[in-house]
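Peer 1: could you work out the structure for the sequence below:
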Amino acid sequence: MVVGALTVTTACSSGNSNSGTKPEASKSKVAATAITVGTAADSVGPAIAEPGAKKGGTVTMIDRDDFSHLDPAQVYLNYNSEASLLFTRQLTGYKLQADGTSKLVGDLATDTGTTADGGKTWKFTLKDGVKWQDGTPITSADVKYSVERTFAPFIKSGPTYLQQWLTATDYRAAYPGPYEGKELDAIQTPDAKTVVFAFQDVHPDANFTVAMTGYGVVPKAQDTKEAYDKKPFSSGPYQIAEHVTDKSLDLVRNPNWDPATDPIRNAYPDKWHMEFGVQSQQSTERFIADNGADKTTFSFHNQVHPTFIDKVKNDAALKPRTLEGLTPYVDYYYMNNTRLKDQKVREALLRAFPHQQTRQLQGGTSYGDYATNYMSPTVLGYEANDMYDILKKPEGDPEAAKKLLAEAGATGQTIVYAYNNTPTQQKVTEAIRVGLEKAGFKFVPKPLDAKTYYDAIGLTNNEYDLYWGGWGADWPTGYTSLQPVWDGRAIADGASNYAHTNDEAINKMMDDAVKIADPIAQGKAWAAIDKELQKKAYSIPDVYQRSLSLYGSGLGGVKFDSLFGLQYPLNIYVK
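Peer 2: Modelled structure (predicted):
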């Protein structure tokens, strides 16, 4: 997933925040988020009740932007996915436990699926009593059709994993979608309750894949193609009453949703009223004031505006309605391994980098926790270590870097640094210059237009040695956390291997890891790959991004969703 910090957070890369705050020490190791795979018993509804919750009332959501997509097949941004939880269901999903951990469970399915051949063939059985908003049953044919329509030419924004796995890399050439009357033989429905996916190769974590909103269900009888994006048909606890583009979205109860079938969603409010066009400074001011209807208001995406970070963190009265947590995103300073071939030079960059100074300029501890790994703590299998003493010396270690450069015969090595030409990033660039020059590097800054930043650093023949970027997993396993970014076969213009790493041993480790069926064992395999990437010093992990947000005092059950990095709606109630 591209990440955006204090901007739109998308599914794949990242944009820097523009914040500043007082220095705060934070050198402790980050704890991994616990994610487990549930059983059939865990997949039975209703959802775990929120203590003290009651039904009724209207909850308001304010945010900067309207949802760019609501058609499940087009959904890839995290805030689109979070909102879709209220009216779109998938085969599987994440059940929030009372202790704050997450568990993969069956959503529409009776469990998280079964495979008898290591993950090449997956079988899911639908629950009894799952219905559309008009009362018609949700069937295996609906699931099959929903995946088939993701192949349609007008579907351009959603995930493409299943499409590629079911056909081939060029999935659009393999199958045109269902609108010409053709079905996809790789998805079989032997009866109304059973759906079977036959992939081209083994994919042991496909049960995580089908938890993505991008593979949520769409009924053939209600499919309006492009228009479906504005008002999808509900399979969840709420249905859309009205959607005024870029202005508002109103949800009311879906009378045909049965909580006994749903282990994930609580549905406490009677209505949801969502307003768009509210900037983060406005929303922060409104949450702090906490007047009138704002008392029953929250925000999916708007975080605390940078100018209010100190106030919010130091005001005891705001603490009960402040949420702070790790997002799924890791920020890196990518090294261009096409240009920086000497490992000792790369290790010198890792030792010299001034994490403390650059983090401070972007919000301090509210911006993120110091990262030591390539994989996020929110990913199954994460194992913390600090190979380059980032936690011990976050300000950088110029003497250790000088020694490495001398050993490499590279004292005075030129580093061409590309950066977003914004006021904050100009200050960050200056801090990096000072840190690297202390260590014996020659520093050449290259400002880039923010609108075309990723286009510029995404070229395989770019002329830069070092540049910032971020990444987050599409689902919380090592596969989508590491493979798209560090697999040598993913090097191409516009692709996500920004560091141009192509290590045959690591590529082979990835090929082996994706075939491991047991999620715990697979997690350990990805942790070993993470460690190998660190050993080779292919890039500089910087921070595990954090989120700081507020909500109104009249709401209860507002929680932070570590899987999306946003405020979580499914336990919210009006006090």
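Peer 1: C-terminal to whichever strand in the chain runs longest, what's the next element?
Peer 2: Scanning the chain for the longest strand, with DSSP state E as the assignment, gives strand 322-335. Using DSSP states H and E, the helix or strand that directly follows strand 322-335 along the chain is helix 343-352.
Peer 1: residues near the residue nearest to R89 when sequence neighbours are not counted, how many?
Peer 2: Spatially, and ignoring its direct neighbours in sequence, R89 is nearest to S235 (4.3 Å; CB to CB, 6 or more residues apart in numbering). Using the backbone N, CA and C atoms, a C-beta is placed for each residue, glycine as well. Other residues within reach of S235, judged by other CB atoms under 10 Å, total 28.
Peer 1: check contacts around S235.
Peer 2: F87, T88, R89, L108, V130, K131, W132, Q133, I138, G216, V217, W257 (CB atoms under 8 Å, 6 or more residues apart in numbering).
Peer 1: same question, V210
Peer 2: For V210, the contact set (CB under 8 Å, 6+ apart) comprises Q90, L91, T92, G113, F124, L162.
Peer 1: distance of it relative to T92?
Peer 2: According to CB to CB, to the nearest Å, V210 stands 5 Å off from T92.
Peer 1: mutual contacts of these two, please.
Peer 2: Common contacts of V210 and T92 (CB under 8 Å, 6+ apart): G113.
Peer 1: the closest residue in space to S43 that isn't next to it in sequence: how many residues sit nearby?
Peer 2: Excluding the flanking residues, the one nearest S43 by CB to CB, 6+ apart is G106, at 3.4 Å. Look at G106: counted by other CB under 10 Å, it has 29 neighbours.
Peer 1: still on that earlier bit, in JSON lines: the contacts of S235, plus distance to S496.
Peer 2: Shown next, in JSON lines, are the contacts of S235 (distance: CB to CB, whole Å):
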{"residue": "F87", "distance to S496": "30"}
{"residue": "T88", "distance to S496": "26"}
{"residue": "R89", "distance to S496": "29"}
{"residue": "L108", "distance to S496": "31"}
{"residue": "V130", "distance to S496": "36"}
{"residue": "K131", "distance to S496": "39"}
{"residue": "W132", "distance to S496": "36"}
{"residue": "Q133", "distance to S496": "37"}
{"residue": "I138", "distance to S496": "34"}
{"residue": "G216", "distance to S496": "24"}
{"residue": "V217", "distance to S496": "29"}
{"residue": "W257", "distance to S496": "37"}
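Peer 1: of those - the most surrounded one?
Peer 2: Of all those, the highest neighbour tally under other CB under 10 Å goes to G216, namely 29 neighbours.
Peer 1: next one: that one relative to F87, how far apart?
Peer 2: Taking CB to CB as the measure, G216 falls 9 Å from F87.
Peer 1: do the same with G557
Peer 2: With CB to CB as the criterion, G557 and F87 are 19 Å apart.
Peer 1: now the phi/psi pair for A431, please.
Peer 2: Backbone torsions for A431, taken as degrees, to the nearest 10, come to phi -60, psi -40.
Peer 1: now W526: which helix or strand?
Peer 2: Secondary structure from DSSP H and E places W526 in helix 519-536.
Peer 1: okay, helices next: where are they in the stretch 51-200 of the chain?
Peer 2: Along the stretch 51-200 of the chain, the stretches classed as helices by DSSP state H, counting those that start in this stretch are 78-84, 140-148, 161-166, 171-174.
Peer 1: and among those, the most buried is which?
Peer 2: Per-stretch averages of neighbours, counted by mean count of other CB atoms under 10 Å, single out helix 78-84 among the helices of the stretch 51-200 of the chain, with a mean of 25.
Peer 1: list the helices and strands that one packs on?
Peer 2: strand 566-568 (3 or more CB pairs under 8 Å, 6 or more residues apart in numbering; DSSP states H and E).
Peer 1: who touches the strand it packs on?
Peer 2: By CB under 8 Å, 6+ apart, strand 566-568 touches 9, 78-79, 82, 96, 298-301, 323, 547, 549, 551, 558-561.
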